[in-house]
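Engineer: Just to be clear, the model below is a prediction. Sequence and coordinates:
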Amino acid sequence: MFSTEQRCWFVRKVICWRAAASNAWAVLLLLPITAVFVILSRFSLLHPIQTISECLSLLTSASAIFSFILLCGVILMIGFLNLEYYTVIPAIACSKIALLGQLLHPRQFVNSLVHCIMGIIVAWCCAITIGGRYETLCYTCTQSDGSPQMCLNEFHLILLLAGAFVGFSHSLLGVIYNMNYVSFHTVQQYKYLRFKGSLPLVVKCSATQALYSIRNYIVVYFFLGYIPKAWVCKTLNLHLNSTAQPLDSVAGLLDLSLLYHLWISATFQLFTWYITLQLFRIFITEAYSFPVQSSFTEDAHQCISKVLTDKQPMILKFLALQDLALLSQHSPSRRCEVFSLSQPGGHPHNWNAISKECLSLMTDLTQRLVAYHDTVATNGRAKSLSTGSERKTSSETSVTSGTEDLMSPRPTLLMKTPASVFARSIVGGPQSPLTAPFTPDLDSPFASPALRRLTAPVDCSPWHGTVQSPHIMRRGPKLWSTSTDSQVNGSPVPSPASVPSPKQETSKPSVLAQFLHNRKEQVKNFLAKRVLIMYLFNKLPEASSQALFADSQAHIWALEGLSYLVQASFSEDHFGVVQTTLPSILSCMLVLQEAVDRHFKLPHASSKPIKSTISMGDSSYKTLRFALRATLKTAIYRITATFGDHLKAVQLSAEHRKRLQHFLEYKE
């Protein structure tokens, strides 16, 4: 095992430097962005030359330099938050109550508070830049008796509160639209070209969201504007000018100049933040080339075969899978290293580690699809299983014994985030066919008690439990294996000694347990009749399907990398290391393909994603299930087109051979 320092080498040497480079570019771009904002906020059609001279003098003033320093600090803080909250697997809320829980999370509360403070700082810098009636918070006014007094400048206050409101709205929309989600582009481009292509979208999103935020802010200020005014006056011992028009009125908010400056300031605030976010996405997802094998022992943890098996960070695993997909297509020299044998010993360690991890990812996804399909098919109620039927029969064991090392995934922990698909526990830990997108079902007051049986320890083999095909896996557990099952699975009829006794029965629950269960059911039935409760707790089928494939980008790269390596092995694998695992690879792909086809037969799974609104949130995760289905079919066709009739000599089950024949005949 590697030490913590070795496992975190990628964060220290790559991720942190990439984040620092993106922040540096954001700070450098802040100067021209600020200059454009100054011109737009002070421009006058009647005096254009005078406006330009005033802008030049303002940019070189001490107040402008101080404001620029504060803005640089805000940009660095935004960059730090991007690095702290980014994820490569989006957190998709499968119900309204789950989304509400994300918005009310303490960590999100801190994030919103920080964005409000930074919004006030940016708004103060904008007020200093615009000048005029927005420059100071207080000014000297004259009382009715003629004596001077300090009065509140409501124009300055409304601009500061607008910055806080825009910052708060930005933090909430970041959760709703998954703005912290970092996706990887299919087409590799230079960073400059990606930034240039995304610049119009950043401008459009900034202006549009600023317009909606200011509209909502005006409504809120119209009804609640007197509260912050009274608090500021009481705290700073200021007075309200009775002769001035209050801004929390219809006449005060219809000031076109005020509305324009509010909108341009909000646009400037969001544009600088979105530029920082976009630069972070571009730098963090840049392709990284991992060595296939190393000549030095101390650098062995940086090889792609070792990186693929690491748990954290997730960005490291995704970049390793991306590099695997790229090297399998475009790098013959690196492919030769994958097919090479170790010296001394002559073992294909590189190929074994890479293929085992890819097959493990595909098997994990297969199990999730099977569990989800059964949950939907039984209307959220798991089928009751007897004690003896929870074990595998001897015929099932004989089928999976040959491919257990490659196809059986590592045990997974039930976590509340989609990242649990890569979170491996220690050997012998609890296992669950469900992943994070469906864990809220277990906590929901309307979840059936039998559903929790799905989270009980089960065998990792895809042959156990629910059926993907009537010939591969049986629809329901049986106490006895018939001769038909034995012939299909290719194993002899089990002896009666190996069959569990039908006399085994579960222990009868106690009276207290039965009483508590009845009371719980009564409470659930009572709450289920309330419309608001059902609205919050009802599952969103489309979101559940999206959450099921939230991490499918990793599976897409695994399929591409594995299929291209198998294709290249036809002419480049001189030692035949790939052919030894070809039956397992084909079986795993065919089983996954059948599970994916079953999922797309569900009504909500086959529907096209709704067109997303204009925002900086990346909605590419909504189409991952369609991309995975296409990639899976293409990967199988890639192998069958390369090997052709040679695949008839590969040892496969009758059902798999029949499905493979459809690919050979181009009937799929």
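Structural biologist: Looks like it came in fine. Residues are numbered from 1 along each chain as shown.

Engineer: Name the helix or strand for Asn178, please.
Structural biologist: Using DSSP states H and E, Asn178 maps to neither a helix nor a strand.

Engineer: Just give the nearest non-adjacent residue to it, would you?
Structural biologist: Pro90 (4.4 Å; C-beta to C-beta, 6 or more residues apart in numbering). All C-beta spots, glycine's among them, are computed from the backbone N, C-alpha and C.

Engineer: Tell me how far the one you found lies from Leu624.
Structural biologist: As judged by C-beta to C-beta, to the nearest Å, Pro90 and Leu624 stand 10 Å apart.

Engineer: list the residues that contact both of these two?
Structural biologist: Ala550 (C-beta atoms under 8 Å, 6 or more residues apart in numbering).

Engineer: So which of these two has more stuff around it?
Structural biologist: When Pro90 and Leu624 are compared for neighbours, Pro90 comes out ahead with 26 against 22, by other C-beta atoms under 10 Å.

Engineer: Which residue ranges of the stretch 201-350 of the chain form strands?
Structural biologist: Using DSSP state E, counting those that start in this stretch, the stretch 201-350 of the chain contains no strands.

Engineer: Tell me which stretches of it form helices.
Structural biologist: 226-236, 250-253, 256-284, 304-307, 314-330, 332-339, 349-377 (DSSP state H, counting those that start in this stretch).

Engineer: how much does the last one deviate in direction from helix 332-339?
Structural biologist: Between helix 349-377 and helix 332-339, the angle comes out at 80 degrees (axes from the mean of the first three to the mean of the last three C-alpha atoms, to 10 degrees).

Engineer: distance between helix 349-377 and the chain's centre?
Structural biologist: The chain centroid and the centroid of helix 349-377 are separated by 19 Å, computed with C-alpha atoms, centre = their mean, to the nearest Å.

Engineer: what separates the residue nearest to Asn178 from Asn518, distance-wise?
Structural biologist: Where Asn518 is concerned, Pro90 sits at a distance of 40 Å (C-beta to C-beta).

Engineer: who are the neighbours in contact with Arg194?
Structural biologist: Neighbours of Arg194 in contact, by C-beta under 8 Å, 6+ apart: His185, Ile282.

Engineer: Asp299 contacts Lys306, doesn't it?
Structural biologist: No: the criterion here is C-beta atoms under 8 Å, and Asp299 misses it with Lys306 at 9.9 Å.

Engineer: quick one, which of the two is more surrounded?
Structural biologist: Lys306 (19 against 14).

Engineer: contacting residues around the residue nearest to the spatial centre of the chain?
Structural biologist: By C-alpha atoms, centre = their mean, the chain has its centre lying nearest to Pro90, at 1.7 Å. The neighbours of Pro90, taking C-beta under 8 Å, 6+ apart as the test, are Asn178, Tyr181, Pro418, Ala550, Tyr621.

Engineer: Among those residues, which are located in helices?
Structural biologist: Assignment to helices by DSSP state H places none of those there.

Engineer: Adding distance to Leu137 and neighbour count, write the residues you listed out as JSON lines.
Structural biologist: Shown next, in JSON lines, are the contacts of Pro90 (distance: C-beta to C-beta, whole Å; neighbours: other C-beta atoms under 10 Å):
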{"residue": "Asn178", "distance to Leu137": "37", "neighbour count": "21"}
{"residue": "Tyr181", "distance to Leu137": "39", "neighbour count": "21"}
{"residue": "Pro418", "distance to Leu137": "46", "neighbour count": "24"}
{"residue": "Ala550", "distance to Leu137": "46", "neighbour count": "26"}
{"residue": "Tyr621", "distance to Leu137": "44", "neighbour count": "23"}
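
Engineer: And those, which is closest to Lys508?
Structural biologist: Pro418 (38.9 Å; C-beta to C-beta).

Engineer: quick one: pLDDT of that closest one?
Structural biologist: pLDDT, Pro418: 39.

Engineer: And stretch 68-86, what's buried?
Structural biologist: Phe68, Leu71, Val74, Ile75, Leu76, Met77, Ile78, Gly79, Leu81, Asn82, Leu83, Tyr86 (16 or more other C-beta atoms under 10 Å).

Engineer: OK, contacts around the closest residue to Thr581 other than its chain neighbours?
Structural biologist: Nearest non-adjacent residue to Thr581, counting by C-beta to C-beta, 6+ apart: Ser355, 5.4 Å away. Residues in contact with Ser355 (C-beta under 8 Å, 6+ apart) are Leu406, Leu562, Leu565, Val578, Thr581, Ile585.

Engineer: where does the third one sit relative to Val292, distance-wise?
Structural biologist: Going back to what we said before, that points to Leu565. The value you get for Leu565 to Val292, if C-beta to C-beta is used, is 12 Å.

Engineer: overlap in contacts of these two?
Structural biologist: Between them, Leu565 and Val292 share the contacting residues Val338, judged by C-beta under 8 Å, 6+ apart.

Engineer: Compare neighbour counts for these two and give me the winner.
Structural biologist: For Leu565 and Val292, the more surrounded residue by other C-beta under 10 Å is Leu565, and the numbers stand at 25 against 22.

Engineer: Including distance to Ile533, could the contacts of Pro90 go into CSV?
Structural biologist: Formatted as CSV, the contacts of Pro90 follow (distance: C-beta to C-beta, whole Å):
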residue, distance to Ile533
Asn178, 26
Tyr181, 30
Pro418, 26
Ala550, 27
Tyr621, 29
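
Engineer: from those, which has minimum pLDDT?
Structural biologist: Out of the contacts of Pro90, that is Pro418, at 39.

Engineer: what kind of secondary structure is the residue located most distally from the centre of the chain in?
Structural biologist: Relative to the centre of the chain, the most outlying C-alpha is that of Asp145, 64.1 Å out, by C-alpha atoms, centre = their mean. Three-state call for Asp145 (DSSP: H, G, I helix; E, B strand; the rest coil): coil.

Engineer: Now do the same for it: its pLDDT.
Structural biologist: Reported pLDDT for Asp145: 71.

Engineer: now do Leu253
Structural biologist: Taking Leu253 on its own, its pLDDT is 89.

Engineer: That one contacts Phe222, doesn't it?
Structural biologist: Yes: with contact defined as C-beta under 8 Å, Leu253 reaches Phe222; the gap is 6.2 Å.

Engineer: These two: who's more crowded?
Structural biologist: Leu253 (18 against 15).

Engineer: Compute the distance between that one and Ile158, please.
Structural biologist: 9 Å.

Engineer: Same check on Leu316?
Structural biologist: Computed as C-beta to C-beta, the Leu316 to Ile158 distance reads 46 Å.

Engineer: Poorly predicted segments of the protein, please.
Structural biologist: 1-7, 379-507, 606-607, 609-614 (pLDDT under 70).

Engineer: What strand or helix carries Phe184?
Structural biologist: Using DSSP H and E, no helix or strand contains Phe184.

Engineer: Could you report the separation of the residue lying closest to it once chain neighbours are set aside from Phe43?
Structural biologist: Nearest residue to Phe184, sequence neighbours excluded (C-beta to C-beta, 6+ apart): Thr285, at 5.1 Å. Taking C-beta to C-beta as the measure, Thr285 falls 38 Å from Phe43.

Engineer: just Val566 next, same as before
Structural biologist: Taken as C-beta to C-beta, the span from Val566 to Phe43 is 62 Å.

Engineer: So between those two, which is more surrounded?
Structural biologist: Using other C-beta under 10 Å, the more surrounded residue of Val566 and Phe43 is Val566, with 24 against 13.
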